[in-house]
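A.B. asks: how would this look folded up:
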Amino acid sequence: MKSVVRHFVLLACILLLWRSDLKAESTTDETNRFAYGANIGWINCEGDVTDGVVIGEAFCSGYMWGENVGWICTGDGSPDDGYEYSNTNATDFGINVDASCNLHGFAWGENIGWVNFKSTGSAAFDPLPGMHGARMLDG
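C.D. replies: Have a look, this model is predicted:
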């Protein structure tokens, strides 16, 4: 199950659109908003557009939706220190973005529990400046 979640997370990261200037609406590409996990099915990273996944310079926020697993929260967009989620308690959790575009931290799904984005061997993406999308980096 862990490898399935990891593969899902990597695929989801491919579909996310890099935009740090928006905090309210999803930055997921409207055309390529779906990820697939063998055990959890299709996940819509755009969510309901207003609350979909947003990747910022230092952290993520918003929700992904899966018909089989429900909502998955990537963070509330307001880390306690204002810069990154500590991931040390249930009120300051989320996915952080480091300077190399690696994603690390925790997402939460009420029906599936914690999804761990590891700090080593983590999911990563290339923001592709000037383009509408992101691509995975070899890691």
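
A.B. asks: Which stretches in this protein count as helices?
C.D. replies: 2-15 (DSSP state H).

A.B. asks: now the strands for it?
C.D. replies: Ranges of strands in the chain, per DSSP state E, are 34-37, 41-44, 54-55, 60-66, 70-76, 95-97, 103-109, 113-117, 125-126, 135-136.

A.B. asks: Quick one: those as CSV, columns for mean pLDDT too.
C.D. replies: CSV is the format used below for the strands of the chain (pLDDT from 0 to 100):
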stretch, mean pLDDT
strand 34-37, 70
strand 41-44, 83
strand 54-55, 80
strand 60-66, 89
strand 70-76, 93
strand 95-97, 90
strand 103-109, 91
strand 113-117, 86
strand 125-126, 57
strand 135-136, 41
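
A.B. asks: Tell me which of the ones you listed sits most buried.
C.D. replies: Counting by mean count of other C-beta atoms under 10 Å, strand 54-55 has the highest mean neighbour count of the strands of the chain, with a mean of 27. Any C-beta I mention is one placed from the backbone N, CA and C, and that applies to glycine too.

A.B. asks: If the spatially closest residue to residue 110 that is not a sequence neighbour is in a bridge, with which residues?
C.D. replies: Residue nearest to residue 110 in three dimensions, not counting chain neighbours: residue 70, with 5.8 Å by C-beta to C-beta, 6 or more residues apart in numbering. Residue 70 forms beta bridges with residue 66, as assigned by DSSP bridges.

A.B. asks: is it true that residue 70 touches residue 113?
C.D. replies: No: using C-beta atoms under 8 Å, residue 70 is not in contact with residue 113, being 11.5 Å away.

A.B. asks: Would you reformat the strands of the chain as JSON lines and include distance to residue 88?
C.D. replies: Listed next are these as JSON lines, based on distance: least, C-beta to C-beta, whole Å:
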{"stretch": "strand 34-37", "distance to residue 88": "27"}
{"stretch": "strand 41-44", "distance to residue 88": "26"}
{"stretch": "strand 54-55", "distance to residue 88": "22"}
{"stretch": "strand 60-66", "distance to residue 88": "17"}
{"stretch": "strand 70-76", "distance to residue 88": "14"}
{"stretch": "strand 95-97", "distance to residue 88": "12"}
{"stretch": "strand 103-109", "distance to residue 88": "10"}
{"stretch": "strand 113-117", "distance to residue 88": "13"}
{"stretch": "strand 125-126", "distance to residue 88": "25"}
{"stretch": "strand 135-136", "distance to residue 88": "28"}
